[in-house]
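Trainee: please find the sequence and the predicted model below.
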Amino acid sequence: MTLFLFAAAVFGGALNAVAGGGSFIALPALLWAGVPPVAANATNTFALWPGSLASAWAYRREIAGVRQWLVALGAVSVAGGLGGAVLLIRTPDAAFLRLLPWLLLLAAVTFTFGGRLPARVWSGATMGSVSWGALAGQFVIATYGGYFGGGMGIMMLAALALAGMTDLHKMNGLKSALAVAINGVALAEFVLAGAIVWRPGLVMVAGAIVGGYAGAALARRVDQRYIRAMVVTIAWSMTIYFFLR
């Protein structure tokens with residue numbers, strides 16, 4: 001089981017670095033290992049957070065080019081991530097398990113169809129070069145991320161495209177940095193609440209760091225169409241599985 005969880009974390013960390021969607025792998029792995037649903041989701045956040053740090057470091061050149069976006073979106077990400085984490089801690093296991101297929105469905109639909117929406121839908125008054133609509137959208141995504149996390153990176157990529165960003169590598173870098181903020185504040189809440197299952201979590205931390213850094217390096221060399229197709233397949237497979245289980 002240890003090797004299984006490590007491998008799942010490597011794959012999940014790599015997916016998060018490339019296009020998001022790592023929780024489609026890591027969270028089911030924890031559930032299959034027997035971790036209760038709410039604790040599994042909190043442990044998943046703990047497991048993948050260092051991978052997000054590794055990915056953000058690997059994308060540091062791209063992040064340097066979007067600092068204004070990072071400051072504005074980072075502030076609302078922290079607020080939303082904390083709110084979502086508090087909500088998760090107050091959700092019973094049975095209720096979360098009933099919600100899980102619908103949360104996965106939302107993430108899968110967003111990733112599959114989000115890129116087809118017209119750019120710059122969120123227009124209007126701006127905070128620097130970041131629209132108020134983009135800030136509001138990021139707050140909602142961060143709240144969702146603090147509560148669940150599955151597909152959060154996918155949602156952020158779609159939202160950044162809607163806000164008008166076009167450089168996928170800068171989008172991936174910004175997404176990784178925002179994930180560090182959202183999951184970091186959520187993780188602090190989970191630790192204080194005693195929601196982390198440490199043994200499987202530490203195994204997955206090691207795997208996620210390896211996968212996160214390797215995935216960021218690989219993302220620059222692999223055709224994004226193939227990566228997107230792979231994540232879409234995984235997302236819908238996991239969604240269907242949890243609706244049928």
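Mentor: Now that the structure is in, tell me what you want to look at. Numbers count the residues shown, from 1 in each chain.
Trainee: ok, now which ones touch Met152?
Mentor: Gly20, Ser23, Ala107, Ile141, Tyr144, Gly145, Ala179, Ile182 (CB atoms under 8 Å, 6 or more residues apart in numbering). For the C-beta atoms, the positions are set from N, CA and C on the backbone; glycine is no exception.
Trainee: then Gly12?
Mentor: Counted by CB under 8 Å, 6+ apart, Gly12 has contacts 22-26, 29, 47-48, 51, 204, 207-208, 211.
Trainee: and for Leu160?
Mentor: Here Leu160 is in contact with Ala134, Met171, Leu174, Lys175 (CB under 8 Å, 6+ apart).
Trainee: find the nearest non-adjacent residue to the last one, please.
Mentor: Meaning Lys175. Spatial nearest neighbour of Lys175, excluding adjacent residues (CB to CB, 6 or more residues apart in numbering): Met156 at 4.5 Å.
Trainee: give the contact list for the one you found.
Mentor: Counting by CB under 8 Å, 6+ apart, Met156 has contacts Gly20, Gln138, Ile141, Leu174, Lys175, Leu178, Ala179.
Trainee: that one looks like it's in a helix, true?
Mentor: Yes. Counting by DSSP: H, G, I helix; E, B strand; the rest coil, Met156 is part of a helix.
Trainee: what distance do you get for it to Phe111?
Mentor: Between Met156 and Phe111 the computed distance is 10 Å (CB to CB, to the nearest Å).
Trainee: which strand or helix spans Ala29?
Mentor: Assigned by DSSP states H and E, Ala29 falls within helix 23-32.
Trainee: what's that helix in contact with?
Mentor: 4-5, 8-9, 11-12, 15-16, 37, 40-41, 43-44, 47-48, 104, 107, 148-152, 197, 200, 204, 208, 231, 234-235, 238, 241-242.
Trainee: for the closest residue in space to Phe243 that isn't next to it in sequence, helix, strand, or coil?
Mentor: Leaving aside its chain neighbours, Phe243 sits nearest to Pro101 (4.4 Å; criterion: CB to CB, 6+ apart). At Pro101, secondary structure determined by three-state DSSP is helix.
Trainee: what about Pro101, neighbour count?
Mentor: Neighbour count of Pro101, defined by other CB atoms under 10 Å: 17.
Trainee: and the helices in the protein?
Mentor: For the chain, applying DSSP state H gives helices covering 2-18, 23-32, 37-58, 60-64, 67-89, 93-114, 132-147, 152-162, 168-193, 198-219, 224-244.
Trainee: tell me what the longest one is packed against?
Mentor: It stands for helix 168-193. If contacts are counted by 3 or more CB pairs under 8 Å, 6 or more residues apart in numbering; DSSP states H and E, helix 168-193 sits against helix 2-18, helix 37-58, helix 60-64, helix 67-89, helix 132-147, helix 152-162, helix 198-219.
Trainee: what do you get for the shortest one?
Mentor: Helix 60-64 is packed against helix 168-193, with contacts defined by 3+ CB pairs under 8 Å, 6+ apart.
Trainee: ok, now with 10 Å
Mentor: With contacts taken as 3 or more CB pairs under 10 Å, 6 or more residues apart in numbering; DSSP states H and E, helix 60-64 sits against helix 37-58, helix 67-89, helix 168-193.
Trainee: now, of these, which is deepest in the fold?
Mentor: Mean neighbour count (mean count of other CB atoms under 10 Å) peaks for helix 37-58 among the helices and strands packed on helix 60-64, with a mean of 26.
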